[in-house]
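Visitor: Let me see the structure of the following:
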Amino acid sequence: MTSPFPGNTRRARIRIALAAFLALAVLGALVLVTNLPAGDQVPGPASPEPSLPTTSAPAAKGPAVETSSFSGSGDVADDAAIWVDPANPANSVVIAGNKADKGGGIGVFGMDGKLVQFRPDGKIGNVDLRTGFPLSGKPAVLVGGNNRTDDTLALWTLDPRTRTLAPVAAGSIKTFAPNYGFCMYRSSASGKFYAFVTPNEEGAIQQFELVDDGEGRVEAELVRELPIGSITEGCVADDELGHLYVAQEDVGVWKYNAEPDAGTERAAMDKTGAGRLVADVEGMGITYGPGGSGHLFVSSQGDSTIAVYDRSGDNAFIRKFAVGGNGNIDGVSGTDGLDVTALNAGPQFEQGLLVVHDEENKGGATSNLKYIPLASVLE
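Guide: Now for the predicted structure:
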């Protein structure tokens, strides 16, 4: 029977189509949740919850310095660790991994961006360092990284005088295979030193205690494993507050207790898709201030921005920014690893330094690192 009210018929058809569309949307959301990696739930939002951004993140002032390129081609640069020379800040260095399948290793760059040393020690992923490591009765600058070539821990000492690295691992220290990321932790409770290694698939984050073997070398003992459901690279530990932050690339940032006897309990710090982080979630770094103040920096690689959170409490979101160009130095895109310090790192960086990986590095043969004055991104 033909309706005497054709307008009503059209409205009915529209309501039916709309209901079908909503049903499909709900079904899609259920499929997405069901397919999250085993054991991992979507992290909740950081506090407070901001509205979703409707425009691109503001650009910070551009880099003041960029590093020279590694040899080879492509995206071979990655993570970095900053060593600040307290006696002569201009003598500070940035230590960076080279993740090339062939010719990979670790490089030391000066504050002018020039390469001071390169060691072809394998496909080095992420790097970190801690000062004051007791070795042969003296405090040493201990540098570490994950070697993806043979799935081992790589360890070196940095000579502050020559600004060069020397290997110091006591034999081959095997890790989860395949390993992917790395960070270090010095416990304020015990004074002990630790290394964390993250996996390139579903597996476990491994925590190793690092100790002097009595012969001037460093050995490692596995003390804890933290299950994780998918690829995880970036991590950073807060030495004062005892937190470990881990970036599960397609999920978000998890917060653990960094002590080895703390078990596997974790809290959700932030998640992808909530307006602050766009997968992949990558490198992280921490600045330290008095009374627990400071900031946590997180690379949101999917939209080439850096998100900044409060270091203390529930890690309230503060802002996010992109790094634009500066004269002959191009802007930053596709950031993987990063490091940051609030210490005086020499001329142009008296109030701190942020170092970020630049995947594209326009005009360069390989990816490289950009040095940004910290004050310019916190203004």
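
Visitor: Low-confidence stretches in the chain?
Guide: 1-56 (pLDDT under 70).

Visitor: Which residue lies nearest the spatial centre of it?
Guide: Centroid-nearest residue in the chain, with Cα atoms, centre = their mean: G283, separated by 1.6 Å.

Visitor: Angles on the backbone of it, please.
Guide: phi -70, psi 160 (degrees, to the nearest 10).

Visitor: what does L153 give?
Guide: phi -80, psi 130.

Visitor: For it, give me its contacts.
Guide: When contacts are counted by Cβ atoms under 8 Å, 6 or more residues apart in numbering, L153 touches G144, G145, N146, N147, A169, I173, T175, F182, A195, V197, F208, A220. Quick note: C-beta positions are derived from backbone N, CA and C, even for glycine.

Visitor: Number of residues surrounding the fifth one?
Guide: Counted with other Cβ atoms under 10 Å, the burial measure for A169 works out to 19 neighbours.

Visitor: And it, how far from E215?
Guide: According to Cβ to Cβ, to the nearest Å, A169 stands 12 Å off from E215.

Visitor: okay if I get the contacts of L153 as a markdown table plus secondary structure?
Guide: Output for the contacts of L153, formatted as a markdown table (DSSP: H, G, I helix; E, B strand; the rest coil):
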| residue | secondary structure |
| --- | --- |
| G144 | strand |
| G145 | strand |
| N146 | strand |
| N147 | strand |
| A169 | strand |
| I173 | strand |
| T175 | coil |
| F182 | strand |
| A195 | strand |
| V197 | strand |
| F208 | strand |
| A220 | strand |
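
Visitor: What is the nearest of these to I329?
Guide: Distance to I329 across the contacts of L153 (Cβ to Cβ) is lowest for G145, with 26.2 Å.

Visitor: related to what we said a few turns ago, let me know whether the residue nearest to the centre of the chain touches L338 as I believe.
Guide: Yes - the pair G283 / L338 is scored as a contact, 4.0 Å apart, by Cβ atoms under 8 Å.

Visitor: wait, V236 sits on I286?
Guide: Yes - using Cβ under 8 Å, V236 is in contact with I286, at 5.6 Å.

Visitor: what do these two both touch?
Guide: L296.

Visitor: Which one's more surrounded, the two?
Guide: V236 (27 against 22).

Visitor: tell me the contacts of the closest residue to that one other than its chain neighbours?
Guide: In space, and not counting its chain neighbours, V236 is closest to M284: 4.2 Å by Cβ to Cβ, 6 or more residues apart in numbering. Residues near M284 by Cβ under 8 Å, 6+ apart: G234, C235, V236, Y245, A247, V253, L296, F297, V298, S299, L338.

Visitor: Tell me where the stretch 151-300 of the chain has helices.
Guide: For the stretch 151-300 of the chain, no helices are identified by DSSP state H, counting those that start in this stretch.

Visitor: Now do the strands in the stretch 251-379 of the chain.
Guide: 252-257, 266-271, 281-288, 294-300, 305-310, 317-323, 338-341, 353-358, 368-373 (DSSP state E, counting those that start in this stretch).

Visitor: Can you tell me which of those strands is nearest to D75?
Guide: strand 353-358 (8.6 Å).

Visitor: in that closest one, what's buried?
Guide: By neighbour count on 16 or more other Cβ atoms under 10 Å, the buried set for strand 353-358 is L353, L354, V355, V356, H357, D358.

Visitor: do the same with stretch 168-176
Guide: V168, A169, A170, I173, T175, F176.

Visitor: That stretch: how far from the chain's middle?
Guide: The chain centroid and the centroid of stretch 168-176 are separated by 22 Å, computed with Cα atoms, centre = their mean, to the nearest Å.

Visitor: Tell me which residues are up against that stretch.
Guide: 135, 142, 146, 150-157, 197, 199, 203-204, 206, 208, 213, 215-220.

Visitor: Can you give me the end-to-end span of that stretch?
Guide: Across stretch 168-176, the terminal residues are separated by 20 Å (Cα to Cα, to the nearest Å).

Visitor: Pull up the gap between K174 and D151, please.
Guide: Distance from K174 to D151, by Cβ to Cβ: 6 Å.

Visitor: cool, I286 as well?
Guide: Taking Cβ to Cβ, one finds I286 at 27 Å from D151.

Visitor: cool, and K271?
Guide: K271 is 29 Å from D151, by Cβ to Cβ.

Visitor: Which of those two has more residues huddled nearby?
Guide: K271 (22 against 19).

Visitor: Quick one: the strands in the stretch 51-200 of the chain, in order.
Guide: 59-60, 65-66, 77-83, 93-98, 105-110, 115-119, 124-135, 138-147, 152-159, 164-167, 173-174, 179-186, 193-199.

Visitor: so the longest one versus strand 193-199, what angle?
Guide: With axes from the mean of the first three to the mean of the last three Cα atoms, to 10 degrees applied, the angle from strand 124-135 to strand 193-199 works out at 170 degrees.

Visitor: List the strands paired with strand 124-135, with their directions.
Guide: Using DSSP bridges, strand 124-135 pairs in its sheet with strand 138-147 (antiparallel).

Visitor: same question, the fifth one
Guide: Applying DSSP bridges to the sheet, strand 105-110 is found paired with strand 93-98 (antiparallel), strand 115-119 (antiparallel).

Visitor: Most tightly packed of those strands?
Guide: Of all the strands paired with strand 105-110, strand 93-98 has the most neighbours on average by mean count of other Cβ atoms under 10 Å, namely a mean of 27.
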